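**Q** Sequence and predicted structure below; questions after.
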Amino acid sequence: EDQVTQSPEALRLQEGESSSLNCSYTVSGLRGLFWYRQDPGKGPEFLFTLYSAGEEKEKERLKATLTKKESFLHITAPKPEDSATYLCAVRGGATNKLIFGTGTLLAVQP
Amino acid sequence: EAGVVQSPRYKIIEKKQPVAFWCNPISGHNTLYWYRQNLGQGPELLIRYENEEAVDDSQLPKDRFSAERLKGVDSTLKIQPAELGDSAVYLCASSLGTGGNQPQHFGDGTRLSIL
């Protein structure tokens, strides 16, 4: 069964304190791994797509990496405005549906 | 470009009443999705449209849920009758296609509360 597990469930950082979020996945025939950001009361906002192991994508203070079993979202020197829930999703398997994890709630304190 | 537009943003109804949600996708996006997101969970797919055809509705509770996408643009999702367990955020998303390199772009959802 296709599955996505994100950890930690919640993370509190001080401004400037770098860290990483983890997304472990099980899917047959990965067609893409997606990272989204979701602010309270808003829909998920697309950040990155990764396709193959070893691939990396960067955007401002965020960098996403991919291996055959997991993806990491690295946050360098975070600011309070980076506070949000970060969702990981994979597409693949027999149905080609997007399967989401439950997210990591990130709080960055000034 | 304009994003995915959903209305209403909030809806409060009593159980057993009908309710409908509306979605206008990004212009030119032929694929449209309806998701349900419960508190503390990721979105779960209800139905996917390719143009006006529903190509994946395996997760849609067909006894009470229905959807349509006339003319392959706007879409509506209906629940009749609503049950207490239907309280959730209903999200609409669209994409240029279903290939692995096409991200889905989401609207801000309709938050449904059943009394």
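**A** Looks like it arrived, so ask away.

**Q** what residues are up against residue 58?
**A** By default, I'm working from chain A. Neighbouring residues of residue A:58 by Cβ atoms under 8 Å, 6 or more residues apart in numbering or on different chains: residue A:64. The way it works is simple: take the backbone N, C-alpha and C, and place the C-beta from them, glycine included.

**Q** That was the other one, I meant chain B.
**A** Counting by Cβ under 8 Å, 6+ apart, residue B:58 has contacts residue A:95.

**Q** Tell me the secondary structure at residue 40.
**A** Since you didn't name a chain, this refers to chain A. Residue A:40 falls in the coil class when you classify it by DSSP: H, G, I helix; E, B strand; the rest coil.

**Q** Chain B was what I was after
**A** Here residue B:40 is recorded as coil under three-state DSSP.

**Q** Give me the pLDDT for it.
**A** Confidence at residue B:40, expressed as pLDDT, is 94.

**Q** The nearest residue to it once chain neighbours are set aside: which element?
**A** Leaving aside its sequence neighbours, residue B:40 sits nearest to residue A:102 (Cβ to Cβ, 6 or more residues apart in numbering or on different chains; 6.6 Å). For residue A:102, there is no helix or strand it lies in under DSSP states H and E.

**Q** Compute the number of surrounding residues for residue A:102.
**A** By other Cβ atoms under 10 Å in any protein chain shown, the residues close to residue A:102 number 17.

**Q** how close does the spatially closest residue to residue B:71 that is not a sequence neighbour get to residue B:78?
**A** The shortest distance from residue B:71 to any non-neighbouring residue, by Cβ to Cβ, 6+ apart, is to residue B:52 (6.6 Å). According to Cβ to Cβ, to the nearest Å, residue B:52 stands 16 Å off from residue B:78.
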